[in-house]
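>>> my questions are about this predicted structure, shown below with the sequence.
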Number of protein chains: 2
Amino acid sequence: MRATADGHQLERLNRPKTRGVVLDLIRAARTISRVELAAGSGLTAPTITQVVRGLIDDGLVVEAGRGESTGGKPRTLLQLNAAARYSVGVQLERYTSVIVIVDLAGRPVARASFPGAGQAAPDETLRLVAEHVDTLLTTAGVARSKVLGVGLVSHGPQDRVGGTLLAPQTAPGWHGYPVVRRLAEFVRLPVLLDNDATAAAVGEFWIGGVDPASTYGCIYLGGGFGGGVVVAGEVYRGSSSNTMEVGHITVAADGAECPCGNRGCLEIVAGPWKVISEAWASPGLAARLGLDRDGADLIADFALIAGAAMTGDPTARALIEKSARYVGYAAVTLTNLFDLDRIVLAGPSFTPAGSIYQSMVQAVLDRATFARAAHRVQVALSASGSDAAAVGGAALVLRGELTPRHLRRPDGGSLGYTYSGHLPADRTTVGNRSA
Amino acid sequence: MRATADGHQLERLNRPKTRGVVLDLIRAARTISRVELAAGSGLTAPTITQVVRGLIDDGLVVEAGRGESTGGKPRTLLQLNAAARYSVGVQLERYTSVIVIVDLAGRPVARASFPGAGQAAPDETLRLVAEHVDTLLTTAGVARSKVLGVGLVSHGPQDRVGGTLLAPQTAPGWHGYPVVRRLAEFVRLPVLLDNDATAAAVGEFWIGGVDPASTYGCIYLGGGFGGGVVVAGEVYRGSSSNTMEVGHITVAADGAECPCGNRGCLEIVAGPWKVISEAWASPGLAARLGLDRDGADLIADFALIAGAAMTGDPTARALIEKSARYVGYAAVTLTNLFDLDRIVLAGPSFTPAGSIYQSMVQAVLDRATFARAAHRVQVALSASGSDAAAVGGAALVLRGELTPRHLRRPDGGSLGYTYSGHLPADRTTVGNRSA
């Protein structure tokens, strides 16, 4: 009797997880049969039948013709009903803001970009974001009832539980400002907050850019560096989700002090700000490339240098290669600490000279990763390019709703993903709230 | 019907985990009542009654008097039966080897240390280890039938699944040598292989040195640096368990090349070898401290310098403080990447000047950790001192047997702990093999 009671309790706890596992397999495979789902999940055929029936009833999954026969009756294939749900990703930073609307399969269906928050007050910026979201939903013909929520991503440090930023992002008014609560009020949708680079890492997984079983890291480069690590689909979260601040690891301990308090950080040795400074110090280069004397947009100026490096300017190329070599050392630090299979380079500042960064980082890793005798580490460019963080923010909303993978901590906290602020933590399924 | 079948499947999968959770709570609390176990685990009172009955029947847990009354009947307290099971930890490295026998509560009951493997052939070294284990068990009066196995720990890289070392540890003969299989033959006990620093991190958790819910890192220093990260009791494993090679993260990208293939590694900038080299370059210091001209034992020579730093030799102190400052930068890299609550300094080379390293690393972290606005990172010295890795090896055996916390990967691999080689992976409970 006790065993049965216990069994029921466990079953209840595991139900959303079962549903999430099945959805994840369908998403990863694009089309898949029930038999393959049973094989891939380790669940029994009757369980698969039951879960799939629920997903079809909720409109999340559709039947999509028949696969090839393997001797018996051809198998019915299942796929996600991509148009059943949508989510919004918003990336907010100083120089550029990006908004994307993404369908259930993780495909962007609409996109807008506009100048970043700059020196504007938080309320003003978030009102503008909400207007852009409204316009974009209307343009794309996406009904608000199908939108699960907004994934707002920005750089760290953050208080994800409280829904606030812990750094003066662009102007001092942002520090401690209730960014999640205010955006939710303006946009009238649930909002979650996360780190932009973590989001980019999760997005890469969601849109199918990496082997689901792999341990991979993402290095993100916009105005500065960020990062995220995903182990077999689980985000590495650490104590407070302030992980993978790749820009602030020391690569040159005898180098200059960084405003962050540390010394010789990757960001001040090899980031856009440093590369632009070196370009200005290089006779004639800044004028030749048309760099902005006011330095108002770090990402735009850096893109000019990276573009020139790609089209054969030897001085620009030397600057980018120097930056890429330091990124290589940072990548070795990541592989030596996290034991990664793969490193994905994502974000707007990796896009214009992606191939230079990719080949340099790969070369340094091949030569210097400590456990290269155990396995190789592959470097790749993000499938989402400059929009990786925004797409990732949207993916976090889809993922949090559809595939809850919570590792419970003894204190009741979660190491996996949880909503901050305006999405109730127990709302883990879609279309079947009573389950 | 289907739901019930599914429920039973889940129950079966979760049974060993339930047992592990309960054992872990008893171990952490030292004494605890059934009511507190139910509150701490979230399990129902009948389930706790049933699990505890099984643990008492198997001799792993005993009743230990009554706690204070909180109004009603005083509650019976439970504690681990420390003498019910033992395990052996063996740390093997070039300069020193340490063997410890540890009881079920994680307390060392016997210890031996002897010169390390040096240039000896693997078979010769492992035969000697097996003899030492035999002698130690006899001396301590521990019956072999109560010994769960041997945790063999050494530095990386390693192939834990194949049970081999992937580096020429002390002599080329060790590379690819089946160290797990051979030691198991010599010692006639199950053997597992793990990284010494990972083991030290797990040992710290097992003996109760850290809050079970915390995210902590261990930096280990013997002849070189190593490390481990534990998140709420789970070891971070990465792709192939070759994680946290702290000694080979770049802290000075413009510094010398390291034999590992990387540049400016912590180990060659701040490790014992570097400190000893600088001591020889400092007029009169080497002679004053009695350093060995042949440099046969890095750990012993380093301990002389560290000891002199502690007793007021200003030149020695400057060398140790310089090393400690670099360790501080590495610690910032760890906190910025893993978002840690705590860093534990463990191993024989942190022991002699522990307070210098602790205060310097704490000072650098307080000033330079990126997310210090979110929470402080505390630096502590290991409770196991020089024996941390060996005690950790023994703890891994106890932990693998008693508290299986496997995170299954989609490919069927495990992110948590699994036995390599000579312990069957499905042997997850003690005294009740049929469960």
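Okay, I see it. Numbering: from 1, shown residues only, chains lettered A, B, ... in the order given.
>>> which residues does A:Val102 contact?
Each residue near A:Val102 by CB atoms under 8 Å, 6 or more residues apart in numbering or on different chains is listed here: A:86-89, A:108-109, A:391, A:394-395, A:398. Where you see a C-beta, it was placed from the backbone N, CA and C, and this is true even at glycine.
>>> oh, that last question was meant for A:Ser113, not what I typed.
So A:Ser113 contacts A:96-99 (CB under 8 Å, 6+ apart).
>>> kindly report the same for A:Gly222.
A:93, A:95-96, A:155, A:196, A:299, A:347-349, A:389.
>>> from those, pick the one nearest B:Ala318.
Within the contacts of A:Gly222, proximity to B:Ala318 (CB to CB) peaks at A:His155, which comes in at 38.1 Å.
>>> up against chain B, what does the stretch 51-200 of chain A have?
A:156-159, A:166-167 (CB under 8 Å from any CB of the partner chain).
>>> which ones among those lie within strands?
Members of those lying in strands (criterion: DSSP state E): A:158-159.
>>> out of the contacts of A:Ser113, which is nearest to B:Thr138?
Of the contacts of A:Ser113, the one sitting nearest to B:Thr138 (CB to CB) turns out to be A:Val98, at 69.4 Å.
>>> quick check: closest non-adjacent residue to A:Ile207.
Distance criterion CB to CB, 6 or more residues apart in numbering or on different chains; nearest residue to A:Ile207, sequence neighbours excluded, is A:Gly106 at 4.2 Å.
>>> make sure the one you found is actually in contact with A:Leu398.
Yes: counting by CB atoms under 8 Å, A:Gly106 touches A:Leu398, with 6.9 Å between them.
>>> what's the burial count for A:Glu257?
12 (other CB atoms under 10 Å in any protein chain shown).
>>> what do you get for A:Ala143?
Around A:Ala143 there are 8 residues (other CB under 10 Å).
>>> ok, now A:Glu124?
11.
>>> tell me the secondary structure for A:Met244?
Under DSSP: H, G, I helix; E, B strand; the rest coil, the three-state class of A:Met244 is coil.
>>> now do the helices in the stretch 251-400 of chain A.
Per DSSP state H, counting those that start in this stretch, the stretch 251-400 of chain A carries helices over the ranges A:266-270, A:272-281, A:285-289, A:298-310, A:314-338, A:354-368, A:388-402.
>>> is the last one positioned near chain B?
No: under the criterion of CB under 8 Å from any CB, helix A:388-402 makes no contact with chain B; the nearest approach is 15.0 Å.
>>> for that helix, output the C-alpha coordinates as PDB.
The C-alpha coordinates for helix A:388-402 follow below in PDB (Å, rounded to 0.1, in the frame of the first residue of the first chain):
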ATOM      1  CA  ALA A 388      21.600  34.400 -31.100                       C
ATOM      2  CA  ALA A 389      20.800  36.000 -27.700                       C
ATOM      3  CA  ALA A 390      17.300  37.200 -28.700                       C
ATOM      4  CA  VAL A 391      16.400  33.800 -30.300                       C
ATOM      5  CA  GLY A 392      17.800  32.200 -27.100                       C
ATOM      6  CA  GLY A 393      15.600  34.400 -25.000                       C
ATOM      7  CA  ALA A 394      12.500  33.200 -26.900                       C
ATOM      8  CA  ALA A 395      13.800  29.600 -26.700                       C
ATOM      9  CA  LEU A 396      14.000  29.900 -22.900                       C
ATOM     10  CA  VAL A 397      10.300  30.700 -22.800                       C
ATOM     11  CA  LEU A 398       9.400  27.800 -25.100                       C
ATOM     12  CA  ARG A 399      11.700  25.500 -23.200                       C
ATOM     13  CA  GLY A 400      10.500  26.600 -19.700                       C
ATOM     14  CA  GLU A 401       6.900  26.000 -20.800                       C
ATOM     15  CA  LEU A 402       7.400  22.800 -22.700                       C
END
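>>> average pLDDT across it?
Averaging pLDDT along helix A:388-402 yields 85.
>>> likewise for the first one?
Averaged across helix A:266-270, the pLDDT comes to 96.
>>> name the residues that touch it?
A:224-225, A:246-249, A:251-252, A:255-256, A:258, A:260, A:273-274, A:322-327, A:330, B:253.
>>> so among these, which ones count as buried?
A:224-225, A:246-249, A:251-252, A:255, A:258, A:260, A:273-274, A:322-327, A:330, B:253 (16 or more other CB atoms under 10 Å in any protein chain shown).
>>> from the chain's centre, how far out does stretch A:368-388 sit?
Distance of stretch A:368-388 from its chain centroid, counting by CA atoms, centre = their mean, to the nearest Å, is 16 Å.
>>> quick one: buried ones out of the contacts of A:Val102?
A:86-89, A:108, A:391, A:394-395, A:398.
>>> which one among those residues gets closest to A:Gln79?
A:Leu398 (15.4 Å).
>>> phi, psi for the residue nearest to that closest one when sequence neighbours are not counted please.
Among residues not flanking A:Leu398 along the chain, A:Ser87 sits closest, at 5.1 Å (CB to CB, 6+ apart). Dihedral pair for A:Ser87: phi -140, psi 160, per degrees, to the nearest 10.
>>> for A:Ser87, what are its contacts?
A:101-102, A:147-151, A:394-395, A:397-398, A:401.
>>> give me the residue from the stretch 301-435 of chain A nearest chain B.
Residue nearest to chain B within the stretch 301-435 of chain A: A:Asp339 (2.7 Å; CB to the nearest CB).
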